[in-house]
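K.L.:
sequence? don't have it. structure:
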């Protein structure tokens, strides 16, 4: 089964891109499935089901979304294989800006949008920096110059990435993207493969449910910001 | 692509020797050769690093932990830096590389053949007409992804008369085509000057100040009402925005092909806009039903049932009526200006 990981900031258009992409690939209905990793709620199940796409949704809830993703990705792959899928696309939402869900050898796609601000590509970190393909959405409503500057900033943050503009409404651009999806590698298991980047190292009192503020409540790994006097 | 692109433009250092170059020069002098390198340092929070040392030495001051947050060690960072410099010193200009584009017909939605073999040279303007749903977007989409008989329409797009291999196609994809549509807005909170300077910087053009000035003058010529360099782009009127976008695309975009989805007829000189774009050595497709624009094009593609129905060459007779249409347009334009100036409209003006 082919595997592709898709990630990106909230509301950047991940689900729309995946829906348009599957449409464009014209595979047998139900042969491409999606596992969506989200935090608290998601309304995407309906969109996928309406399109006849097998979907499984997982909520990280009180767990760190990044850790939740890694702990479940192998099970997701096994679910896909059991369900007879030809391709599984995992969609990760709610990851923090210092994380990325990409795995060595697995096609990694980051979705980001033109409306999010021109410097965003330089700020979102590993989510963008470790992707093989960066998809830029919402390009139809900003000027050509802003598209070009945005793409330039993407290239600054990730010099080796392929940059593809996709319109999540009309599907323009998905054709080029589908060429890469078709080349994605097949997997029977992800066991012993490695993430491209570490997940947060923090095990602190707040990880375990602490809500009170103040030094005496802080335990475990704590990083302090240095405030210089003015 | 070509061999010359592997050569660094500003210093003549080959890509392979970049590492040696980095080791032998102080960061200061590297920044002089490659001003863009300052962005790289910012991206990795290294803006405060010693600039009087070579980067290799300066990195010794940086805590391992700080680089590890980016998933790098100092060697990895050097490698990234080399890749960055290599990438951003390549000339990515297409102008001069693309001299023509050919559309070889496929099929319409009833699977009837299009029988089209249309070659368009730079400087040519082609209009695309047809009702909603007639396949205009798909045609423009085929051009954008350089279809090779592998899209639903079965069309093939040739560049300079030749097929493209997959590698060239992906290399060009996304950079071949610039788009201008009525839906487009500026979303950045910048002045016109900052906006143009930022775009010029991303092009890595050496003559940034000159090109910024040229864009500004050009945009003001197209716009009905003048604006200054210090105007915020978000405060420009619809016509002014469009004028700035058109002047910017004509002068600064790398893309050899421009797709235009209508140009509103208020607050901008459309004829001049199209002429400006055509003069910029680009291939221009205008999807429009404005007679002034459609007849200004040498040819027009008529879309029907998802396919190219026919290609009409603008005849001498049509060319003549263009003069009459321009008169009508001028009359309307004069009426608009009078209204704007608070004047009274009289029948006299319509003659």
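P.N.:
Happy to help now that I have it. Bear in mind that the values here come from a model prediction, so they are computed numbers and not experimental data.
K.L.:
close to chain A: what parts of the stretch 1-150 of chain B are there?
P.N.:
Residues of the stretch 1-150 of chain B found near chain A (Cβ under 8 Å from any Cβ of the partner chain) are B:39-40, B:42-43, B:69-71, B:80, B:83-84, B:86-88, B:137, B:141, B:144-145. In short, each C-beta sits where N, CA and C put it, glycine included.
K.L.:
whichever of the residues you listed end up buried, select them in ChimeraX.
P.N.:
For anyone working in ChimeraX, the buried entries among the residues of the stretch 1-150 of chain B next to chain A, judged by 16 or more other Cβ atoms under 10 Å in any protein chain shown, can be selected with:
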select /B:39,40,43,69,70,71,80,83,84,86,88,137,141,144,145
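K.L.:
in helices, which of the residues of the stretch 1-150 of chain B next to chain A fall?
P.N.:
Here DSSP state H is the test, and those give B:39, B:40, B:42, B:43, B:80, B:83, B:84, B:86, B:87, B:137, B:141, B:144 as lying in helices.
K.L.:
now do the strands in chain B.
P.N.:
Here chain B has its strands, by DSSP state E, at B:100-104, B:117-121, B:125-129, B:156-159, B:177-181, B:257-261, B:283-287, B:299-304, B:307-313.
K.L.:
in a markdown table: those, plus mean pLDDT and mean neighbour count.
P.N.:
Shown next, in a markdown table, are these (pLDDT from 0 to 100; neighbours: other Cβ atoms under 10 Å in any protein chain shown):
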| stretch | mean pLDDT | mean neighbour count |
| --- | --- | --- |
| strand B:100-104 | 95 | 20 |
| strand B:117-121 | 95 | 14 |
| strand B:125-129 | 93 | 23 |
| strand B:156-159 | 94 | 20 |
| strand B:177-181 | 86 | 23 |
| strand B:257-261 | 88 | 23 |
| strand B:283-287 | 91 | 24 |
| strand B:299-304 | 94 | 19 |
| strand B:307-313 | 94 | 17 |
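K.L.:
what's the closest of these to residue A:55?
P.N.:
strand B:177-181 (32.7 Å; Cβ to Cβ).
K.L.:
list of residues touching the closest one?
P.N.:
Strand B:177-181 is contacted from outside by A:139-140, A:144, B:143-144, B:242, B:245-246, B:249, B:253, B:255, B:257-263, using Cβ atoms under 8 Å, 6 or more residues apart in numbering or on different chains.
K.L.:
which secondary element of the chain has the worst mean pLDDT?
P.N.:
Picking chain A for this. Using mean pLDDT, DSSP states H and E, helix A:120-123 stands out as the lowest-scoring helix or strand of chain A, at a mean of 84.
K.L.:
my bad, the chain I had in mind was chain B
P.N.:
Using mean pLDDT, DSSP H and E, the lowest element in chain B is helix B:166-172, with a mean of 77.
K.L.:
what's the closest of the strands of chain B to residue B:48?
P.N.:
When these are compared (using Cβ to Cβ), the closest one is strand B:177-181, at 38.2 Å.
K.L.:
paired strands for that closest one, with orientation please.
P.N.:
strand B:257-261 (parallel) (DSSP bridges).
K.L.:
residues in contact with the partner strand: which ones?
P.N.:
With Cβ under 8 Å, 6+ apart, strand B:257-261 has contacts from B:98, B:101, B:140, B:143-144, B:176-183, B:249, B:277, B:282-288.
K.L.:
what about 6 Å?
P.N.:
For strand B:257-261, contacts defined as Cβ atoms under 6 Å, 6 or more residues apart in numbering or on different chains pick out B:140, B:176-181, B:277, B:282-287.
K.L.:
please apply the same query to stretch A:183-195.
P.N.:
Counting by Cβ under 6 Å, 6+ apart, A:2, A:3, A:4, A:74, A:77, A:103, A:104, A:105, A:107 sit against stretch A:183-195.
K.L.:
and the two most separated of the residues you listed?
P.N.:
A:74 and A:107 (17.0 Å).
K.L.:
ok, these two, which is more surrounded?
P.N.:
More crowded of residue A:74 and residue A:107, by other Cβ atoms under 10 Å in any protein chain shown: residue A:107, with 20 against 14.
K.L.:
and the more buried one, what are its bridge partners?
P.N.:
Assigned bridge partners for residue A:107, using DSSP bridges, are residue A:4.
K.L.:
just checking, it touches residue A:4?
P.N.:
Yes - between residue A:107 and residue A:4 there is a contact at 4.6 Å, judged by Cβ atoms under 6 Å.
K.L.:
is the least confident helix or strand of chain B in proximity to chain A?
P.N.:
No - with Cβ under 6 Å from any Cβ of the partner chain as the measure, helix B:166-172 is seen stopping short of chain A, the closest distance being 6.8 Å.
K.L.:
now find how far off-centre that helix is within its chain.
P.N.:
Chain-centre distance of helix B:166-172: 18 Å, with Cα atoms, centre = their mean, to the nearest Å.
K.L.:
what residue in the stretch 201-350 of chain B comes nearest to chain A?
P.N.:
The stretch 201-350 of chain B approaches chain A most closely through residue B:202 (3.7 Å), counting by Cβ to the nearest Cβ.
K.L.:
which of the contacts of stretch A:183-195 are buried?
P.N.:
For these, buried by 16+ other Cβ under 10 Å: A:2, A:3, A:4, A:77, A:103, A:107.
K.L.:
near chain B, which residues of chain A are found?
P.N.:
So chain A meets chain B at A:115, A:118, A:122, A:141-145, A:148-149, A:152, A:156, A:159, A:164-165, A:172, A:175-176, A:197 (Cβ under 6 Å from any Cβ).
K.L.:
which of those count as buried?
P.N.:
With neighbours counted using 16+ other Cβ under 10 Å, the residues of chain A next to chain B contain these buried positions: A:115, A:118, A:122, A:142-145, A:148-149, A:152, A:156, A:159, A:164-165, A:172, A:175-176, A:197.
K.L.:
tell me which of those residues fall in helices.
P.N.:
A:122, A:144, A:145, A:148, A:149, A:152, A:156, A:175, A:176.
K.L.:
burial measure for residue B:200, as a count.
P.N.:
23.
K.L.:
excluding chain neighbours, what is closest to it?
P.N.:
Nearest residue to residue B:200, sequence neighbours excluded (Cβ to Cβ, 6 or more residues apart in numbering or on different chains): residue B:208, at 4.0 Å.
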